[in-house]
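J.: Provided below are the primary sequence and the corresponding predicted coordinates.
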Amino acid sequence: MNLPNTISVARIFLTIPVFMLISAGMWKWAMVIFLTGALSDYLDGFLARKLNQITSSGKVLDQISDKVFVSSTMIALIPQIPAWLVALIVARDSVVSAVRILAANSGVVIQANRWGKAKTVLQMLLVILLLFENSFRFQLGIVNQLVIYSCAFFTVVSALIYLIQNRKVLGG
């Protein structure tokens with residue numbers, strides 16, 4: 001396994017301490033570890049390009065790592081993150097994963113597009129904002145609401161774009 005893929009796998013394992021730290025109310029440590037995982041999302045892609053180690057399995061592994069890491073953390077933050085948003089994100093990710101599986105059966109690897117990447121960045125931003133609020137008892141109110149609804153918007157739009165761009169995979 002190459003270095004970028006190892007970093008992606010490590011991000012999955014960071015889910016466990018982040019979830020446990022949130023559950024224990026250890027917000028600052030949860031924030032530090034979540035930030036480490038979020039930065040690793042950038043680092044694995046950067047290294048894959050820089051070291052010329054881009055692989056089909058790496059493209060898939062990176063996306064799975066993001067989904068597990070971010071979605072699990074968001075689940076731990078319910079009700080601070082509305083349950084409807086987490087359900088929307090999990091549903092979207094499940095649909096997109098199903099499309100990717102169908103595509104893979106045809107020998108096609110579907111990469112993340114700009115909309116999906118923006119969705120992930122917004123999700124990570126929301127988690128970081130909430131961890132910051134809990135760590136420092138500082139309320140960001142309207143900012144959080146803006147990011148919540150931006151997450152919802154990008155979640156729906158990115159799902160529609162994936163479905164439209166890959167309708168042939170779905171038999172359409």
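T.: Nice, I can see it. Everything numeric in this text was worked out from a predicted model, so none of it was measured.
J.: for the rest of this, base every contact and every neighbour count on C-alpha atoms.
T.: Noted.
J.: in this protein, which residue is closest to the centre?
T.: D66 (3.7 Å; C-alpha atoms, centre = their mean).
J.: my guess is that residue meets S40, correct?
T.: No - contact criterion C-alpha atoms under 8 Å: D66 and S40 do not qualify, at 9.9 Å.
J.: which neighbours do those two have in common?
T.: R11 (C-alpha atoms under 8 Å, 6 or more residues apart in numbering).
J.: could you point out where the protein is predicted with low confidence?
T.: 172 (pLDDT under 70).
J.: number of residues surrounding M1?
T.: 7 (other C-alpha atoms under 10 Å).
J.: just K28 next, same as before
T.: 17.
J.: also M31?
T.: 22.
J.: next, give phi and psi for it.
T.: Dihedral pair for M31: phi -70, psi -40, per degrees, to the nearest 10.
J.: which secondary structure state does the nearest residue in space to it that is not next to it in sequence sit in?
T.: Leaving aside its sequence neighbours, M31 sits nearest to L131 (C-alpha to C-alpha, 6 or more residues apart in numbering; 5.5 Å). Going by DSSP: H, G, I helix; E, B strand; the rest coil, the secondary structure assigned to L131 is helix.
J.: helix, strand, or coil at I54?
T.: coil.
J.: quick one: residues contacting it.
T.: A48.
J.: the same query, at a cut-off of 10 Å, please.
T.: N2, P4, N5, D44, G45, F46, L47, A48 (C-alpha atoms under 10 Å, 6 or more residues apart in numbering).
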